[in-house]
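I'd like to go over a predicted model; first the sequence, then the structure.
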Amino acid sequence: MRYIIVGGVAGGASTAARLRRLDEHAEIVLFEKGSYISYANCGLPYYIGDVITDRNKLFVQTAASFKDRFNIDARVMSEVTAIIPDKKVVQVKDLKSGLDYELSYDKLVLSPGAEPIRPPLEGINNEGIFTLRNVIDTDRIKAYVNKFPQGKAVIIGAGFIGLEMAENLHNLGMHVSIIEMGPQILAPVDFPIAAIAQQHIRSKGVDLKLKTTVTGFERTDNGLKVFMKDELPLEADIVILSIGVKPDTRLAIAAGLALGSARGILVNEYLQTSNEDIYAVGDAIEFTNPITHHSMPTYLAGPANKQGRICANNIVLGNNSKYNGSINTAIVKIFDLTVAVAGVASKHLTAAKIEHLVSTTHSGSHAGYYPGSEQMTIQINFSPSEFKLLGAQIIGTDGVDKRIDTLSSVIQRGSTIEELTEFEHAYAPPYSSAKDPVNMAGFVAENIIQKKLKVIPWSDVANISDDDVLIDVRTVVEFMEGNIPGSINIPVDELRSRLHELDKKENIFIYCQIGLRGYLAQRILLQNGFENVKNISGGYKLWSACDQESNLKEHTLAL
């Protein structure tokens with residue numbers, strides 16, 4: 001039995017190793033057109049930024065170690081140029097010798113990954129303009145950056161890789177500008193979470209340009225010029241293109257394999273393509289999202305590695321392991337903050353016409369009385385009928401990772417808000433509070449479901465009319481330091497004695513700093529005969545960040 005794997009990074013290497021563990025006697029050949037296999041793709045920005053100083057630590061396995069440990073014939077610098085399904089043969093070019101040859105297979109696994117998007121902009125092939133996808137890219141970028149220790153870097157695209165590169169180049173002493181065509185960074189998250197991160201990025205001295213389109217590049221005696229629509233050009237020593245990636249489906253298309261609606265290689269629940277002897281894993285495939293039920297790819301190392309294991313099980317043991325899809329759990333470090341996401345954002349649920357409610361809470365990373373507690377913001381999206389958790393997003397400095405993992409597990413299992421309220425966590429003051437942030441998110445969502453808490457999003461504040469009453473229930477000092485225009489200040493501790501100042505027939509909107517005191521004030525009013533009372537979700541903290549960020553571009557253009 002001969003198994004051939006095309007692509008030797010996350011999905012391909014994982015498949016190959018699992019195949020050997022299941023079948024000691026099979027012949028396993030892995031082809032990789034690059035020079036390296038099984039490397040830590042996600043660690044590349046941190047090697048460029050000197051956070052990881054030993055280059056060798058990027059490599060999990062080499063072709064030689066794969067042979068020694070797993071008896072796998074890993075052929076680097078070997079590009080599979082064609083698949084002939086009828087003959088069960090692949091055509092290969094040895095990129096070192098230039099020789100072409102064929103090799104037959106019993107089962108074939110495609111793991112070609114994805115390729116960076118390079119739009120056809122004028123000057124895009126100039127020296128100093130890079131994409132980051134593999135080790136060769138990394139070496140080239142690092143060597144180039146070393147020529148400009150105090151230089152200017154322009155990052156185009158504010159996704160995960162773009163932001164990681166921005167941080168690492170900034171930490172090397174470069175002046176960094178980020179250009180993003182969309183209205184926010186990090187497309188998988190909703191605007192309120194992105195807004196908090198954007199303010200943090202700007203606080204580091206990074207020039208963040210949103211709603212800005214790059215139109216071309218020019219090489220000059222002083223370096224590069226980056227041209228933008230409706231903006232003056234930026235000067236740069238180095239440009240990193242982080243616009244996105246697309247599935248590498250060239251082999252699949254030529255072999256007649258079916259593609260999905262998102263133009264990835266279409267696989268079934270067993271990771272089998274439209275040809276029963278050809279399987280596929282990793283960035284190049286697409287599958288049904290378990291929440292939206294739309295077909296989609298996912299560009300994450302975790303799912304790719306898990307797919308490799310499942311794929312190998314099905315090849316050796318006969319389609320007995322199902323892949324249930326990915327909910328796209330991801331996390332990124334942005335300077336001092338961490339942003340994490342699982343499931344589907346509210347904006348994408350809306351686009352998919354999936355009814356949902358949204359709740360935002362702010363909680364301490366651990367007990368407030370223990371030193372070092374930092375606030376994190378959690379937004380969850382959930383079904384108003386089944387109460388299923390559909391999505392979660394967190395931003396904070398500490399403890400974000402363990403909370404998103406908990407929420408991801410709930411989403412993946414199709415569980416409900418009730419589980420969040422009952423979630424039993426390990427508690428000691430250095431690690432959490434008696435009510436963990438996950439519990440708090442569940443409590444608030446439960447209150448919304450039970451209509452004990454009526455909320456409006458920050459964006460609806462603009463629709464509050466002059467005939468409505470907007471109450472800030474924070475202290476006088478907090479109110480004076482900043483407030484939502486048009487609001488009056490009635491501290492929550494004075495509210496019961498000042499009920500006579502309010503009309504029970506009026507629409508009343510309440511906010512505090514993060515939401516808790518607003519909820520308490522709402523409960524007081526509702527139980528005293530006030531019927532039309534709503535709380536601004538996320539409080540003044542969230543509204544302030546979102547309001548500033550949403551108006552920033554327009555304000556800049558006006559100037």
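The structure has been received and is ready for your questions.

neighbouring contacts of the strand or helix carrying I155?
If you go by DSSP states H and E, I155 is part of strand 152-156. Residues outside strand 152-156 that contact it (Cβ atoms under 8 Å, 6 or more residues apart in numbering): 145, 162-163, 165-166, 169, 174-179, 214, 223-224, 226, 234-243. C-betas here are computed from N, CA, C, even on glycine.

tell me the secondary structure for L257?
For L257, the secondary-structure state derived from DSSP: H, G, I helix; E, B strand; the rest coil is coil.

and it, its phi and psi?
The phi/psi pair for L257 (degrees, to the nearest 10) reads phi -80, psi 150.

next: L58.
Note on L58: backbone dihedrals following degrees, to the nearest 10 are phi -80, psi -20.

for K142, see how far away it is.
Using Cβ to Cβ, to the nearest Å, one obtains 12 Å as the distance from L58 to K142.

quick check: neighbours shared by these two?
Contacts common to L58 and K142, judged by Cβ under 8 Å, 6+ apart, are Y47.

re the thing from before, for the strand holding I155, which positions count as buried?
Across strand 152-156, burial judged by 16 or more other Cβ atoms under 10 Å covers 152-156.

just the residues you listed now: which is nearest D493?
In terms of Cβ to Cβ, no member of those lies closer to D493 than I155, at 47.3 Å.

mind listing the helices for the stretch 301-450 of the chain?
Counting by DSSP state H, counting those that start in this stretch, one finds helices in the stretch 301-450 of the chain at the ranges 301-317, 346-351, 400-412, 417-422, 437-449.

looking at those, which is closest to P429?
Among those, helix 437-449 comes nearest to P429, with 14.4 Å by Cβ to Cβ.

for the closest one, packing partners?
Judged by 3 or more Cβ pairs under 8 Å, 6 or more residues apart in numbering; DSSP states H and E, the packing partners of helix 437-449 are strand 357-364, strand 375-382, helix 400-412, helix 417-422.

I'd like the average pLDDT over the third one.
Along helix 400-412, the predicted confidence averages to a pLDDT of 98.

any idea of the pLDDT on the nearest residue to Q412 once chain neighbours are set aside?
Nearest residue to Q412 in three dimensions, chain neighbours excluded: I327, at 5.5 Å (Cβ to Cβ, 6 or more residues apart in numbering). The model reports I327 with a pLDDT of 97.

list the contacts for I327?
Applying Cβ under 8 Å, 6+ apart to I327 gives the contacts 289-291, 342-344, 408, 411-412.

show me which of the residues you listed is closest to R21.
Relative to R21, the closest of the contacts of I327 is Q412; by Cβ to Cβ it sits at 25.2 Å.

measure the closest one to I404 for me?
Separation of Q412 from I404 (Cβ to Cβ): 12 Å.

who's more crowded, these two?
Between Q412 and I404, counting by other Cβ atoms under 10 Å, I404 is the more crowded of the two (25 against 18).

any quick ChimeraX command for the buried ones out of the contacts of I327?
To isolate the buried ones among the contacts of I327 in ChimeraX, judged by 16+ other Cβ under 10 Å, type:
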select :289,291,342,343,344,408,411,412
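
got phi/psi on R523?
Torsion angles at R523 (phi, psi; degrees, to the nearest 10) stand at phi -60, psi -40.

so what pLDDT did it get?
Looking at R523, its pLDDT reads 95.

give me the number of residues near the residue nearest to it when sequence neighbours are not counted?
In space, and not counting its chain neighbours, R523 is closest to K452: 7.2 Å by Cβ to Cβ, 6+ apart. Using other Cβ under 10 Å, the number of residues around K452 comes to 13.

can you check Y369 too?
Counted with other Cβ under 10 Å, Y369 comes out at 9.
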